[in-house]
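A.B. asks: Would you be able to build a 3D model of this:
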Amino acid sequence: MSVDEMELKPEAATSNPSRRSLLKLGGAAALGAGAWAFAACQQTSSNPGTTAGAAGESSVLDRWLSTKKAKLGVDLTFPPIQFKDSAGKPTGYQMELTEAMMTDLGVTPEYVQIPFGQLFAGLVAGKFDMMGISATILPSRALKGLFSSFPVFYESIVVLLKPGSTVTSADQLDGKKIAVLQGSSQEFSSKLIFPKSTFSPFAGLADAVNEVASGRADATVLSEFDVDSSISAHPNLKLLSGPPLWVDANTYLMPTGDYKLQAWVNNWLRYNATHERLVSSWKKWLGPGLQKYHLTTYGVGPGAEPVEVKV
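C.D. replies: The predicted structure follows:
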């Protein structure tokens, strides 16, 4: 894990929006996608081709139930969200949910590991059936696939500063050199918020963090769940205090037009959110690292809304 490019107004470059407004934007974006998908499902036969069914195509869900196999695109380099354990097995918050979803379907997942920035093109090219991990619901990504309208997690975006930095507030970052993960929502949104800054994108987050730790960049904008591992590797880095820069909504991305699959995934996520599975899993995997740095974190509530989680 939203603040997407449609919600970022020009004035965001000079004023840091409140945490409450960011959360409202994230929840509205996630739910708005659901309303759009529902409307698309209501198209009649007078508008053929709107859905996979209308085009005479079967849903990915049907194929999974028939073959009992699902090919899922993943990048397992983001602990504790998704990574490999010592035995090489996919694990973490996201993978725990994906594995549970596949188990409920009676399907065996096959993971296609691709660098995060290449997953979207991989989905379009048919290299896998669906993303097995979540991505921020950027509208530009929605042109490449169909997002679930229910979030898997909310992601607070924070800042790590270079050793000896005198920056004490987010507005002081405008005009600085910022290292970011290439192709991430952090790269896109940071450029809008800090238009005077220069940016160094890196294919791996660890390289972006190294750039800051070495002093070659002033700061890096990253997810809350990357703070613990980054500071553990570079204890001289400084976490910028205060509220998150923004909060992103993240969820599964599936083939364009497959509303049957989307509806089932929405249902599965909503059911598990109402039964506190998403929040309890978030506490399990994220709690220890977030508590150490007194970070405010948000889980997914029963109605897809962000709820503050005490860790």
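A.B. asks: In the record's domain split, what are the boundaries for the protein?
C.D. replies: With domains defined by automatic domain parsing, the chain comprises 24-154+247-309, 156-246.
A.B. asks: So residue 75 is in contact with residue 111, correct?
C.D. replies: No: Residue 75 is beyond contact range of residue 111, at 10.0 Å (criterion: C-beta atoms under 8 Å). Bear in mind the C-beta positions are built from the backbone N, C-alpha and C, glycine included.
A.B. asks: pull the helix or strand with minimum mean pLDDT from this structure.
C.D. replies: Ranking every helix and strand in the chain by mean pLDDT, DSSP states H and E puts helix 19-41 at the bottom, with a mean of 45.
A.B. asks: how about the residue nearest to residue 68 when sequence neighbours are not counted, phi and psi?
C.D. replies: For residue 68, the nearest residue in space outside its immediate sequence neighbours is residue 107; the separation is 5.5 Å by C-beta to C-beta, 6 or more residues apart in numbering. Per-residue torsions, residue 107: phi -120, psi 140 (degrees, to the nearest 10).
A.B. asks: tally of neighbours for the nearest residue to residue 163 once chain neighbours are set aside?
C.D. replies: Setting aside the residues directly before and after it, residue 163 is nearest to residue 236 in space (C-beta to C-beta, 6+ apart), at 4.1 Å. Neighbouring residues of residue 236 were enumerated by other C-beta atoms under 10 Å; the total is 11.
A.B. asks: any idea how far residue 160 is from residue 236?
C.D. replies: In this view, residue 236 and residue 160 are 10 Å apart by C-beta to C-beta, to the nearest Å.
A.B. asks: ok, back up a step: next, the residue nearest to residue 163: phi, psi?
C.D. replies: Dihedral angles of residue 236 (phi, psi; degrees, to the nearest 10) stand at phi -80, psi 0.
A.B. asks: related to what we said a few turns ago, surely the residue nearest to residue 68 meets residue 65?
C.D. replies: Yes: taking contacts as C-beta under 8 Å, residue 107 lies within contact range of residue 65: 7.4 Å.
A.B. asks: So the two - more neighbours on which side?
C.D. replies: Just comparing residue 107 and residue 65: by other C-beta under 10 Å the higher neighbour count belongs to residue 107, 18 against 14.
A.B. asks: the strands in the stretch 51-200 of the chain, which residues?
C.D. replies: Shown for the stretch 51-200 of the chain, the strands assigned by DSSP state E, counting those that start in this stretch span residues 69-74, 83-84, 90-91, 108-113, 130-131, 135-136, 146-147, 153-161, 177-181, 198-202.
A.B. asks: Would you map the helices across the chain?
C.D. replies: Taking DSSP state H, the helices of the chain run over residues 19-41, 60-67, 93-105, 119-124, 139-142, 185-193, 205-213, 227-233, 259-274, 277-292.
A.B. asks: packing partners for the last one?
C.D. replies: Packing partners of helix 277-292 (3 or more C-beta pairs under 8 Å, 6 or more residues apart in numbering; DSSP states H and E): helix 93-105, helix 227-233, helix 259-274, strand 297-300, strand 306-309.
A.B. asks: Most tightly packed of these?
C.D. replies: Each of the helices and strands packed on helix 277-292 was assessed for mean neighbour count using mean count of other C-beta atoms under 10 Å. The highest is strand 297-300, with a mean of 26.
A.B. asks: what's next to that strand, contact-wise?
C.D. replies: By C-beta atoms under 8 Å, 6 or more residues apart in numbering, the surrounding residues in contact with strand 297-300 are 23, 150-154, 156, 224, 247, 269, 273, 278-279, 282-283, 286, 290, 306-309, 311.
A.B. asks: ok, now stretch 160-170?
C.D. replies: Outside of stretch 160-170, the residues within contact range by C-beta under 8 Å, 6+ apart are 16, 159, 173, 176, 193, 209, 212-213, 215, 217-220, 222, 227, 230-231, 236-242, 245.
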